[in-house]
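**Q** Need a 3D model of the sequence below.
(one chain, ligands or ions: 1)
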Amino acid sequence: MSNNIVDVLWEKILQTRKETFDVVVVGFVIAGLSAAVTAHQNGATVAILERAPLDERGGNTRYTESLWRMKNHDAVSDDFQNRFSENSGGWPDPGIVKDAVLERDNQPRVLRSLGVVDPDLINTLAQEAPKCLSWLGEFGVKFDFLPTYFLSQSTTRMAPVGGGLALVDALGNYVDTHTNKISVFYETAARELITNECGHVVGVKGVSAGNTPFEAIGGSVILSCGGFQGNPEMLSHYIGPQAQFVRPVSRGGHYNRGEGIRMALDIGAAPCGDFGSFHAQPVDPRATDTEPVVLNYSYGILINDAGERFTDEGFNMVDSTYESLTRTIMAQRGGIAFAVFDKSLEDVKNWSVTVRSTVPPLLAETLDALAKLMNVPVAQLNDTVDKYNSACPNQNGFDPMVLDGLATKGLDPIKSNWARPISLPPFKAWPIICSNCFTFGGLKIDSRARVVNTEGDIIPGLYAAGEVAGIDYRTYTGSTSVMRGVVTGRLAGKDAILRDDNKAL
Ligand SMILES: Cc1cc2nc3c(=O)[nH]c(=O)nc-3n(C[C@H](O)[C@H](O)[C@H](O)COP(=O)(O)OP(=O)(O)OC[C@H]3O[C@@H](n4cnc5c(N)ncnc54)[C@H](O)[C@@H]3O)c2cc1C
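**A** You can find the predicted model right below:
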């Protein structure tokens with residue numbers, strides 16, 4: 001080896017920053033903070049690796065209202081476990097899942113590694129959520145029943161006063177005041193797990209600003225670095241080619257590029273969660289606002305770029321329809337649709353809370369003029385609206401707050417509720433595209449947030465919390481993502497320091 005190469009290698013080695021901690025947490029936000037603070041409260045030294053710079057810390061969490069599916073401060077919503085269970089897998093083989101009643105160690109390996117959510121984890125989420133809510137109270141966070149962008153709801157929800165940012169600030173402040181034991185490395189992205197000769201995870205390799213190699217060695221590693229909504233390659237690989245045109249619903253999502261999931265799969269972690277899907281939200285493509293949702297469509301009609309209706313706009317309360325309906329919009333040509341209304345939208349008291357886009361709607365005195373603004377065929381839009389109007393029931397009883405049963409007759413697709421003619425100028429339309437709140441595919445964890453491998457065994461020293469762990473199939477159980485970040489983060493933070501058989505090499 002020439003001197004020159006030796007010099008280069010030495011320089012590389014010296015450039016690599018290597019630090020040692022009890023626990024290494026990847027990702028600063030709600031799952032990561034909950035894990036880091038819990039581990040520290042239990043006596044650990046902690047490193048947090050965070051891709052974003054300090055002034056942008058907060059990931060997805062900082063942009064959310066952080067609704068929690070709670071009935072009150074002491075209990076989750078009545079439908080919590082049922083909704084999760086309905087969406088906890090594809091169509092798993094009943095002959096295999098029947099053994100889920102057994103203690104984990106007695107379950108067959110094929111079940112322990114199966115791509116379905118561990119029922120114990122669902123129960124743990126339900127039991128621990130109220131405790132986590134009260135734990136957050138110790139940091140000054142107050143929860144209440146706050147207004148949302150849903151006019152009417154099919155379940156119960158609470159939220160922290162100040163939203164997700166209040167959570168980031170409260171736990172972030174704790175981290176900032178314990179810098180002797182908790183070190184945060186901003187602009188540092190993890191890329192690879194380090195394992196010892198026994199297969200225990202003992203650290204993380206990554207890269208800091210300036211492409212500087214970085215290593216953090218620890219007794220345990222907690223992956224809390226979100227899904228892959230900010231990674232076009234993984235989006236098109238897992239969800240399909242159109243998914244890379246579905247933008248993250250907030251700036252924070254761009255930082256989540258799936259490395260946490262990928263690096264764990266690379267060492268044999270079992271996948272869980274619906275890799276082909278994600279939490280879809282209907283947003284105004286023109287808007288630069290965070291989460292510029294348009295959720296008033298059930299009181300009007302949805303039109304695609306051919307000027308046609310393509311779905312039942314009112315098949316249920318909007319909080320339970322918007323995800324599947326947004327996916328239907330994604331499937332339209334160009335991935336775009338328009339929510340169209342006439343003057344009678346004003347009959348819906350407070351409709352404006354359902355639209356977070358601050359860009360005004362397209363507005364016209366005639367349908368012809370509106371069609372031109374929408375860039376859809378004028379004759380087709382008129383024909384669609386005429387047919388829809390003639391199918392609307394000729395009766396009173398419109399009630400935006402309940403399923404009012406005002407359904408179209410003889411129209412395909414039907415509009416099942418809130419069907420009223422669109423005939424009174426002025427006419428309005430909001431464009432809507434599908435955005436990606438977070439991805440569903442992730443790692444399989446048990447009810448202690450320990451990562452399971454493809455053989456059904458625990459990978460010693462490795463934990464996953466928040467979006468990195470896959471717990472949703474088909475439809476997201478709404479208002480549970482921040483909550484699961486706190487619960488799984490706390491589980492991981494506690495368990496990670498119990499282990500001393502996997503301390504650093
Ligand atoms: C606008 C909006 C509204 C929402 N509303 C709600 C709601 O009301 N209720 C609800 O429950 N959920 C809601 N969600 C979803 C919820 O906010 C997120 O799913 C949750 O906050 C995710 O938390 P997390 O800690 O897992 O990930 P994040 O908060 O996304 O944090 C992941 C962190 O990891 C960092 N990171 C990523 N990759 C790496 C890497 N390789 N190395 C180092 N760091 C990395 C990121 O920069 C980021 O800081 C909403 C989301 C958005 C965007």
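**Q** List the contacts of the residue in the stretch 401-505 of the chain positioned nearest to the ligand.
**A** Of all residues in the stretch 401-505 of the chain, the one sitting closest to the ligand is G466 (2.3 Å; CB to the nearest ligand atom). Heads up, the C-betas are built off the backbone N, CA and C, glycines and all. Residues in contact with G466 (CB atoms under 8 Å, 6 or more residues apart in numbering) are 27, 29-32, 224, 226, 481, 484-485, 488-489.
**Q** State the pLDDT value of it.
**A** Note for G466: predicted pLDDT of 97.
**Q** same deal with L14?
**A** Looking at L14, its pLDDT reads 50.
**Q** re the thing from before, what about the contacts of G466, which one has the most neighbours?
**A** Among the contacts of G466, A31 has the most neighbours (other CB atoms under 10 Å), with 37 neighbours.
**Q** what's the burial count for S152?
**A** Residues lying near S152 (other CB under 10 Å) number 13.
**Q** re earlier: from the contacts of G466, which are also near the ligand?
**A** With CB under 6 Å from any ligand atom as the criterion, the contacts of G466 include 27, 29-32, 224, 226, 481, 485 near the ligand.
**Q** Which of those sits closest to P361?
**A** Among the ones next to the ligand among the contacts of G466, S481 lies closest to P361 (CB to CB), at 29.4 Å.
**Q** For the closest residue to the closest one other than its chain neighbours, which three-state class applies?
**A** Nearest residue to S481, sequence neighbours excluded (CB to CB, 6 or more residues apart in numbering): F438, at 6.4 Å. Secondary structure, DSSP: H, G, I helix; E, B strand; the rest coil: F438 is strand.
**Q** tell me which residues form a beta bridge with F438?
**A** H279 (DSSP bridges).
**Q** quick one: it and G252 touch, right?
**A** No: with contact defined as CB atoms under 8 Å, F438 does not reach G252; the gap is 9.9 Å.
**Q** Now list whatever residues contact both of these two.
**A** Shared contacts of F438 and G252, counting by CB under 8 Å, 6+ apart, come down to N60.
**Q** Neighbour count for those two, which is higher?
**A** Neighbour count, other CB under 10 Å: between F438 and G252, G252 has more, with 25 against 22.
**Q** and the more buried one, what does it touch?
**A** 29, 58-63.
**Q** part of a helix, is it?
**A** Yes: membership of G252 in a helix is supported by three-state DSSP.
**Q** Now do it, the pLDDT please.
**A** As predicted, G252 sits at a pLDDT of 92.
**Q** Turn the ones next to the ligand among the contacts of G466 into CSV, including distance to R333 and pLDDT.
**A** Below are those laid out as CSV (distance: CB to CB, whole Å; pLDDT from 0 to 100):
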residue, distance to R333, pLDDT
G27, 37, 97
V29, 36, 90
I30, 37, 97
A31, 38, 98
G32, 40, 98
S224, 38, 98
G226, 31, 97
S481, 31, 96
G485, 36, 98
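**Q** Good, wrapping up.
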